[in-house]
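Asks: Turn this into a structure:
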Amino acid sequence: MAQTWELWGNVIIAGTFSLFLAPLAIMILSGRRARAGRTAPLRTAIADVGIVVGTAPWIGMILTPSDGPGGVSLIPFADLADLASAPWQAVFVQVGGNLLVFASLGALLPVRTPAMASLARVAAVAAAFSVLVEMLQLMLRLGRFSSVDDVILNTAGAMIFAAVTRRWWASRIPAGTVPR
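Replies: Next up, the predicted model:
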C-alpha cells in the first residue's frame, strides 16, 4: 500500500478532489449551454465532465515517469502472453487498469454525441487516443513500456463500457438509425 501511495498519491488526491468539483463543473457548464440555447445542456455537461473526471487520473498515472528502461512492443498479445506467468495481482492490475483507462470515454461519448453512437466509432476514438498516449510515453522518455497490447486493452475497455451504456444512448437516437 505504501508503494502505491508513493507512486500514485498525487493522482489519487487530484482524482478524489475532482469528484467533489464535478457537480459544480456540471452545473456551470450546463447553465452556460442552456443560456446559449444548446440542446440537452445537462446531459452533455454530465457526459463531458464524466469523461474528463473518469479518464484524467488514468492518463496521469500512465504519463507519470518511471525508473524503468522503457521500450516498445509491437507484437500483438506478446505482453499479455508474458502476463500469463505473472502473479494474479499483476495480471489484475495490468489488464484491469488498461481496460479502465478509456472506460468513461466509451461509456459517455455516445451519450454526449449522437454521431458517436456506434461501438465501431467508440473503438476508433479510443484506439486513436490510446495510440497517442503510448506515443507520448515513448517520445517523452518516461521510462515506461509502450505496447500494442495496451492499445488493444484500452480500446476493448472503451467498447465494453459503451456496450454497457448502449441502452441509455441508443434510446436517445431516432428508431432505426443506431449504427452497430
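Asks: from what I can see residue 54 touches residue 105, true?
Replies: Yes: here residue 54 lies in contact with residue 105, judged by Cβ atoms under 8 Å, at a distance of 7.5 Å. Where C-beta positions appear, they are placed from N, C-alpha and C, glycine not excepted.
Asks: These two: who's more crowded?
Replies: residue 105 (28 against 23; other Cβ atoms under 10 Å).
Asks: Per-residue pLDDT of that one, please?
Replies: pLDDT recorded at residue 105 is 97.
Asks: any idea how far it lies from residue 127?
Replies: 11 Å (Cβ to Cβ, to the nearest Å).
Asks: remind me, longest helix of this protein?
Replies: Ranked by residue count and defined by DSSP state H, the top helix of the chain is helix 2-35.
Asks: right, and residue 25 touches residue 46 too?
Replies: No: judged on Cβ under 8 Å, residue 25 makes no contact with residue 46 at a distance of 9.9 Å.
Asks: who has more neighbours, those two?
Replies: residue 46 (20 against 16).
Asks: For whichever helix or strand residue 163 is part of, give the mean pLDDT please.
Replies: Applying DSSP states H and E as the criterion places residue 163 in helix 148-170. Taken as a whole, helix 148-170 has a mean pLDDT of 93.
Asks: ok, now stretch 34-53?
Replies: 95.
Asks: Okay, now stretch 26-44: how far is its last residue from its first?
Replies: For stretch 26-44, the separation between the terminal residues is 9 Å (Cα to Cα, to the nearest Å).
Asks: Contacts for that stretch, please.
Replies: 45-46, 48-49, 111-112 (Cβ atoms under 8 Å, 6 or more residues apart in numbering).
Asks: and what of stretch 150-164?
Replies: So stretch 150-164 is contacted by 76-77, 79-80, 95, 98-107, 109-110, 119, 122-123, 125-127, 129-131, 133-134 (Cβ under 8 Å, 6+ apart).
Asks: And stretch 72-83, by the same measure?
Replies: 90-91, 94-95, 138, 145-150, 152-153.
Asks: just these now: which is nearest residue 70?
Replies: Of all those, the one with the least separation from residue 70 (Cβ to Cβ) is residue 145, at 6.3 Å.
Asks: which ones are touching residue 101?
Replies: So residue 101 contacts 55, 58-59, 62, 130, 133, 153-154, 157 (Cβ under 8 Å, 6+ apart).
Asks: quick one, phi psi at residue 146?
Replies: Backbone geometry at residue 146, expressed as degrees, to the nearest 10, gives phi -90, psi 130.
Asks: any idea how far it is from residue 62?
Replies: 10 Å.
Asks: what sits in contact with each of those two?
Replies: residue 137.
Asks: Would you mind listing the buried residues in the one helix or strand residue 45 maps to?
Replies: In the assignment (DSSP H and E), residue 45 maps to helix 41-62. Going by neighbour count (16 or more other Cβ atoms under 10 Å), the buried part of helix 41-62 is 41, 43-55, 57-59, 61-62.
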